[in-house]
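K.L.:
This is a predicted model, with the sequence first.
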Amino acid sequence: MKKLFTFVAVKLSLLVIIATCSAIFAKLIAIISDGSKSAVLAQTTASAIFFFAFVYYIGTQIKAPPEAQDGTADASYYLVFTLKEASIYAVFLLPVTVYLYLAPDVTSTFDKILYYFCLPHSFFEKLGVGAAVNFAAMIILFAIVSYTSHKAGVRRARKLALSSAEEPKIEVSDINKARYDDISDNDDADNADADTTKTEE
């Protein structure tokens, strides 16, 4: 139970960090935009892309278990992984959705902070759908990104493992060859000494 709590806490903390970076990015875009409806959609799209690009990168760095790295993991492994990641995002997105549903006026400083924090996660709502549909659509999008990023990370880890496994074989082969050459040279030298001794006798 403690392990599960730690896992959820770490994942949620990571999502908050990524979302905060996305909020800062959204604010920077807002500074240079004119505040029109099309500009708000552009802010939302750009910040959402930033968020999911960050999520994708983190997903490629997640260490896969041995059965995934050696290519023996079946579809159930990736299904469970994707469901776990999407569930964590759903926990994160729930309070965001409540805020988007309430849609307070962005007047106070606190409201402005929440507005930019939630902006990347309101992409579908900005397209005209309700908060519930946006909630489901964002989770599906997050699941797709998590799945594809982890698959990419596993492929990269397998390539690195295969390349590192091939290097020692080459080194051992070279060492064995060098030892064989040394032995051959020593045998030739011993034979030469023996021939010289016979000649002297």
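P.N.:
Received the coordinates, thanks.
K.L.:
so where do the helices sit in the chain?
P.N.:
For the chain, the helices defined by DSSP state H cover 2-32, 37-61, 66-69, 75-102, 109-118, 123-126, 131-200.
K.L.:
can you redo those helices as JSON lines with mean neighbour count?
P.N.:
In this view, the C-beta of every residue, glycine as well, is placed from N, C-alpha and C. Shown next, in JSON lines, are these (neighbours: other C-beta atoms under 10 Å):
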{"stretch": "helix 2-32", "mean neighbour count": "14"}
{"stretch": "helix 37-61", "mean neighbour count": "17"}
{"stretch": "helix 66-69", "mean neighbour count": "14"}
{"stretch": "helix 75-102", "mean neighbour count": "16"}
{"stretch": "helix 109-118", "mean neighbour count": "16"}
{"stretch": "helix 123-126", "mean neighbour count": "20"}
{"stretch": "helix 131-200", "mean neighbour count": "13"}
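K.L.:
Those helices into a markdown table, with extra columns for mean pLDDT?
P.N.:
Shown next, in a markdown table, are these (pLDDT from 0 to 100):
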| stretch | mean pLDDT |
| --- | --- |
| helix 2-32 | 89 |
| helix 37-61 | 90 |
| helix 66-69 | 72 |
| helix 75-102 | 90 |
| helix 109-118 | 83 |
| helix 123-126 | 89 |
| helix 131-200 | 69 |
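K.L.:
can you pull the contacts of residue 132?
P.N.:
residue 97 (C-beta atoms under 8 Å, 6 or more residues apart in numbering).
K.L.:
Make residue 1 into 34 and carry on from there
P.N.:
Sure thing, new numbering starts at 34, so read that last one as residue 165.
K.L.:
For it, give its distance to residue 107.
P.N.:
Per C-beta to C-beta, to the nearest Å, residue 165 is found 33 Å from residue 107.
K.L.:
Now do the residue most central in space within the chain against residue 75, distance only.
P.N.:
Residue closest to the average C-alpha location in the chain (C-alpha atoms, centre = their mean): residue 92, at 1.9 Å. Going from residue 92 to residue 75 by C-beta to C-beta gives 26 Å.
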